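Undergrad: Just to be clear, the model below is a prediction. Sequence and coordinates:
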Amino acid sequence: MADETERDRICTEPGGGLPRLLAIMDRLRDPERGCPWDIEQDFASIAPYTIEEAYEVADAIEREAWDELEGELGDLLLQVVYHARMGAEAGRFDFQSVAERVAQKMVDRHPHIWGDASRDKSAADQVADWEAVKARERAGRTLDGVALGMPALLRAVKLQNRAARVGFDWPATDAVLAKLQEEAAELVEARDRLTPEAVTEEIGDLLFVVANLARHLGVDPEGALRAANAKFTRRFEFIEDALAERGRSPSESDLAEMDALWDAAKNREKADQKNRD
């Protein structure tokens, strides 16, 4: 009982940092005294939360919401602690071994810091060295290890980068643009005679080329799409607000009116940007 009281003290006493968080997770997963919901979870059920928390970190950074970032990073750290605890329960790994593994990886992949390699390299040179080390570690097929669970656009870029390293890539952006136009034209020409499955395949091909174009232009397509989503949300909310002032909702409007309000939203954003500049 004394040991349990001490563990509970660690859990509830502020200032404990990482040991406190690890103790909290141990308590939550305790088969007899833990939280029923937490006890029921497994790797598969927690994985979606891990992905969600990573996106919330990225979202806070995108919005420069620095007052929120600390909390979002804590939520993401909790996911690592959660998986590590389940790994320990299964006898596979624990938080200490997870931390040790990534620490050793950092040392191994930075020979210019903890080795005899030269530090006189550009950031691009160091990225190339990093990828070469990763390739040696994989020692398999070129595309091995590109996680299936990552967002499709991001995975497309990862696959394309891997292929490009062995010479399978368009030599210039113009070639990618030509392919994009070709794929779009094929879809337009064939959309009325293709099956739904074939249309889906053509759309996939088109998106894959868009991801490749973004890669050639040095643009993160996932980030670009997030920004486009935010822009669409912002402008559509302008439409809703403008219609509300007229006593109507979007369903009570028509496309012509909403299109005009969309243009008004664009013009306002341009004016605001000009004033900031």
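TA: Looks like it came in fine.
Undergrad: Would you state the helices of the stretch 51-200 of the chain in chain order?
TA: For the stretch 51-200 of the chain, the helices defined by DSSP state H, counting those that start in this stretch occupy 66-89, 95-108, 111-114, 123-138, 152-165, 173-190, 196-216.
Undergrad: of those, which approaches F238 most closely?
TA: F238 lies closest to helix 66-89 among those, at 24.2 Å (C-beta to C-beta). Any C-beta I mention is one placed from the backbone N, CA and C, and that applies to glycine too.
Undergrad: before we move on, back to that, save the helices of the stretch 51-200 of the chain as TSV, and put in distance to T5 and mean pLDDT too.
TA: Shown next, in TSV, are those (distance: least, C-beta to C-beta, whole Å; pLDDT from 0 to 100):
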stretch	distance to T5	mean pLDDT
helix 66-89	21	97
helix 95-108	23	94
helix 111-114	43	86
helix 123-138	46	71
helix 152-165	47	91
helix 173-190	65	90
helix 196-216	55	92
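Undergrad: Between those, which one is closest to Q41.
TA: Nearest to Q41, of all the helices of the stretch 51-200 of the chain, is helix 66-89, at 7.5 Å by C-beta to C-beta.
Undergrad: For the closest one, output the C-alpha coordinates as CSV.
TA: Written as CSV, here are the backbone C-alpha positions of helix 66-89 (Å, rounded to 0.1, in the frame of the first residue of the first chain):
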residue,chain,number,x,y,z
TRP,A,66,2.9,29.6,-29.9
ASP,A,67,0.7,29.8,-26.8
GLU,A,68,-0.9,26.5,-28.0
LEU,A,69,2.2,24.7,-29.2
GLU,A,70,3.5,23.7,-25.7
GLY,A,71,0.2,21.9,-25.0
GLU,A,72,0.1,20.3,-28.4
LEU,A,73,3.6,19.0,-28.0
GLY,A,74,2.7,17.6,-24.6
ASP,A,75,-0.3,15.8,-26.2
LEU,A,76,2.1,14.3,-28.8
LEU,A,77,4.6,13.2,-26.1
LEU,A,78,1.7,11.5,-24.3
GLN,A,79,1.2,9.3,-27.5
VAL,A,80,4.9,8.2,-27.4
VAL,A,81,4.6,7.4,-23.7
TYR,A,82,1.3,5.5,-24.4
HIS,A,83,2.9,3.3,-27.1
ALA,A,84,6.0,2.8,-25.0
ARG,A,85,3.9,1.6,-22.1
MET,A,86,2.0,-0.9,-24.2
GLY,A,87,5.3,-2.1,-25.7
ALA,A,88,6.7,-2.7,-22.2
GLU,A,89,3.5,-4.6,-21.2
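Undergrad: which secondary structure elements does that helix contact?
TA: Under the contact criterion of 3 or more C-beta pairs under 8 Å, 6 or more residues apart in numbering; DSSP states H and E, helix 66-89 touches helix 17-28, helix 43-62, helix 95-108.
Undergrad: Brilliant, that's me finished.
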